[in-house]
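here is my input; please provide its structure:
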Amino acid sequence: MHVLQWVAVKADSKENALTVAKRQLENIMGEEGSGATWYDWFVAGGGRWNPNEDSQYKDDESMIISAYEAGNDVIIDKINSCLESRKREFTDYRVSFDKAEIDLNAKLDSYTGVMDYSFDLYPLAKMIDMLQGEWDFNSYFYDLENWSTNPKYLISDMEKDNKEIYLVPIDFHF
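Got it, this is the predicted structure:
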């Protein structure tokens, strides 16, 4: 599966922003297919979401947003769009969990120390991940500078000086 996420980086140009994002994501991932992260490969620059068909499967800087060039409001609007997507995912998990009518206390009481391979609690686990800011395929935004799914640090930095703040679209495969 694929998901488009916008990652924030600090750099001195769009080209360097692409390089910084790619290098940091590769470092986080480790060896391709290592299982060290929620994603197993990615395309920096938007991938399949890039409107330029020639750039859909290679790194490309055309969709990168510079806070300095575009303005803080454009960055904030993009982040808000990501947060709306994140909230929709959360709501879907909530509906799924509520519909299952799981007796959580009974489930906890029945734990024997061994995983039961059930997906009963998956929606709950994903909601907890989201509430605690775990970065995964449901995040849609990640601040690589501050290592956070919470945009408040980026926005604070941007209000002080936005010259080196970029949002880089990443097509993640997981």
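
who are the contact partners of residue 165?
With contact set as CB atoms under 8 Å, 6 or more residues apart in numbering, residue 165 has these partners: 8-10, 66-68, 75, 154, 157-158. Any C-beta I mention is one placed from the backbone N, CA and C, and that applies to glycine too.

okay, and which of those map to strands?
Filtering the contacts of residue 165 for membership in strands, criterion DSSP state E, returns 8-10, 66.

now do the contacts for residue 63.
Counting by CB under 8 Å, 6+ apart, the residues that residue 63 touches are 45-46, 49-50, 169.

excluding its backbone neighbours, what's nearest it?
In space, and not counting its chain neighbours, residue 63 is closest to residue 46: 4.3 Å by CB to CB, 6 or more residues apart in numbering.

these two touch, right, that neighbour and residue 58?
No. Judged on CB atoms under 8 Å, residue 46 makes no contact with residue 58 at a distance of 10.5 Å.

list the residues that are in contact with both of those two.
Counting by CB under 8 Å, 6+ apart, no residue touches both residue 46 and residue 58.

contacts only, for the residue nearest to residue 12 when sequence neighbours are not counted.
Taking CB to CB, 6+ apart as the measure, residue 12 lies nearest to residue 164, with 6.0 Å between them; neighbours along the chain are not counted. Listed by CB under 8 Å, 6+ apart, the contact set of residue 164 reads 10-12, 68.

residues touching residue 28, list them.
Here residue 28 is in contact with 36-37 (criterion: CB under 8 Å, 6+ apart).

quick one on the thing from earlier: so who does the residue nearest to residue 63 touch?
Listed by CB under 8 Å, 6+ apart, the contact partners of residue 46 are 4, 55-56, 60, 62-63, 169-171.

could you identify which of those residues has the most neighbours?
Within the contacts of residue 46, most neighbours by other CB atoms under 10 Å means residue 170, with 25 neighbours.
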